[in-house]
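Colleague: I need the structure of the sequence given here:
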Amino acid sequence: MRLLSSTFAALFPLLAASAQPGFPFTDETLRYNLNWQSGSSLGEATLTAHRSAVGWNLDVTLNAGVPGFSLADQLHAAVDPGLCSQEFERDLTQGGKRTDEKTSFDQKAGSATRTTLFPAGGGRSDFSISTCARDAVAFAYYARVELGQGKPLAPQQVYFGSAYSVNLTYTGAESVNSGGKSVVADRMHATVKGPKADFQCDIFFARDAARTPLSIRIPLPLGVFSLDLVR
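Modeller: Purely as a prediction, here's the structure:
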């Protein structure tokens, strides 16, 4: 009986974790509407996380458009259990122009190779990476894990083709509308700087064990766009 009790005590944290819904406890699919500040919908996005034999497969799809311009983007990240990137592919179709690139990460060697798959003949390049380098999708899921454990997120470099500096700062609790209900969320202010981007946005994380992103608000010259979770 004592052996059974001690065994259960040892397994309880694992059982409790497996009972939690959503990433990183279970596979997950999250669907979002892309909304204009007026409330009109411009498209939708889907985020999926599935366990693999060596870690996780993380995918993002975005389909959106305004008159005269459309977006059809697909991102795929394969990561190890520590959410260090193994492979990252971004297939972007924006306004009829398509770019497809894959980056392969060799974490042990501290290097990565970026290859242009489309258009053909785009070439390849090698570059050095830091320990446990992460692509943009891997970093987004890593941030959820760290927040779920109550850890602060240090500024770091992430890869979206080129390297970008990302800093997440906690700015306090705020109520957001999610699924027709007012929900208290933790607001994180993100700044992103790199060769092709310099912007800021606010991310609202639910206070659940999975730290589910409820809304992402992106201020642009035309106004504020938001990705809002569909429940």
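Colleague: so what's the residue nearest to Ile129 when sequence neighbours are not counted up against?
Modeller: Residue nearest to Ile129 in three dimensions, not counting chain neighbours: Ala112, with 5.0 Å by C-beta to C-beta, 6 or more residues apart in numbering. Backbone N, C-alpha and C define where each C-beta goes, glycine included. When contacts are counted by C-beta atoms under 8 Å, 6 or more residues apart in numbering, Ala112 touches Thr103, Ser104, Phe105, Asp106, Asp126, Phe127, Ser128, Ile129, Ala133, Tyr159.
Colleague: strands - which of those land there?
Modeller: Counting by DSSP state E, those place Thr103, Ser104, Phe105, Asp106, Asp126, Phe127, Ser128, Tyr159 in strands.
Colleague: just the buried members of those?
Modeller: Among the ones in strands among the contacts of Ala112, those classed as buried by 16 or more other C-beta atoms under 10 Å are Thr103, Ser104, Phe105, Tyr159.
Colleague: list the contacts of the last one.
Modeller: Neighbouring residues of Tyr159 by C-beta under 8 Å, 6+ apart: Ser85, Phe88, Thr103, Ala112, Ile129, Ala133, Arg134, Asp135, Ala136.
Colleague: next helix or strand past the lowest-mean-pLDDT helix or strand in the chain?
Modeller: In the chain, no helix or strand scores lower on mean pLDDT, DSSP states H and E than helix 2-19, which sits at a mean of 39. Using DSSP states H and E, the helix or strand that follows helix 2-19 towards the C-terminus is strand 28-36.
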